[in-house]
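*Asks:* sequence plus predicted model, see below.
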Amino acid sequence: MGRVVSVNISKKKGTVKKPVEEICLKIRHGILGDAHAGDWHRQISLLAEESVDKLRPLLPDLPPGAFAENVNTEGVDLKALPVGTRLRLGETVVEVTQIGKECHNDCAIKKAVGKCVMPTEGIFAVVITEGTVRKGDEIEILKETVL
């Protein structure tokens, strides 16, 4: 079982997300107060600390949210989860809708080190069960879709 390392939001798109104490997930919306919220397939972004660690030798002080991710995790191989997988994050449930994304060429991380892990190792999800997610919450894989 994994755990939530950090929860992060931003008020504006295209900016680094900042850690907060908790995030509130709403169905057909995503995270209250986050710039990327809305009724679409990328309501929440998740990135494993194990992925961030790959860049720490080059940028040792990478803060949570540096890749514009909402949830930093540990102990779950996010990039290996198929679309359709459901995860319990604390009291909420989310469903994976996309693995990776197109990277913005002007990404500050990519400019600094020549690569970014979000395009290949970040995942996106929609809210299935509303509630609150906090640092330290457990993560449980509820269902993996076999394609």
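*Replies:* Yep, it's here.

*Asks:* excluding chain neighbours, what is closest to the residue nearest to the spatial centre of the chain?
*Replies:* The residue lying closest to the centre of the chain (CA atoms, centre = their mean) is residue 46, at 1.4 Å. In this structure, residue 46 finds its nearest non-sequential neighbour in residue 71, 4.5 Å apart by CB to CB, 6 or more residues apart in numbering. C-beta here means a position set from N, CA and C on the backbone, and glycine is covered the same way.

*Asks:* ok, residue 45 - contacts?
*Replies:* Neighbouring residues of residue 45 by CB atoms under 8 Å, 6 or more residues apart in numbering: 36, 68, 69, 70, 71, 118, 122, 123, 124, 125.

*Asks:* the helix or strand harbouring it pairs with which strands, and in what direction?
*Replies:* Using DSSP states H and E, residue 45 sits within strand 44-48. Note on strand 44-48: by DSSP bridges, its sheet partners are strand 71-74 (parallel), strand 123-129 (antiparallel).

*Asks:* can you pull out the helices in this structure?
*Replies:* Along the chain, counting by DSSP state H, helices occupy 49-52, 108-113, 118-121.

*Asks:* who's in contact with the residue nearest to residue 46?
*Replies:* 4, 6, 7, 8, 23, 44, 45, 46, 47, 89, 133.

*Asks:* same question, residue 79
*Replies:* Taking CB under 8 Å, 6+ apart, one finds 48, 51, 99, 100, 120, 121, 122, 123 in contact with residue 79.

*Asks:* need the buried ones from those selected in ChimeraX.
*Replies:* Those of the contacts of residue 79 that count as buried under 16 or more other CB atoms under 10 Å are selected in ChimeraX with:
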select :48,51,99,121,122,123
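
*Asks:* as TSV, the contacts of residue 79 with distance to residue 30 and pLDDT would be great.
*Replies:* Shown next, in TSV, are the contacts of residue 79 (distance: CB to CB, whole Å; pLDDT from 0 to 100):
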residue	distance to residue 30	pLDDT
48	20	96
51	21	93
99	18	92
100	18	85
120	22	84
121	20	90
122	15	92
123	14	96
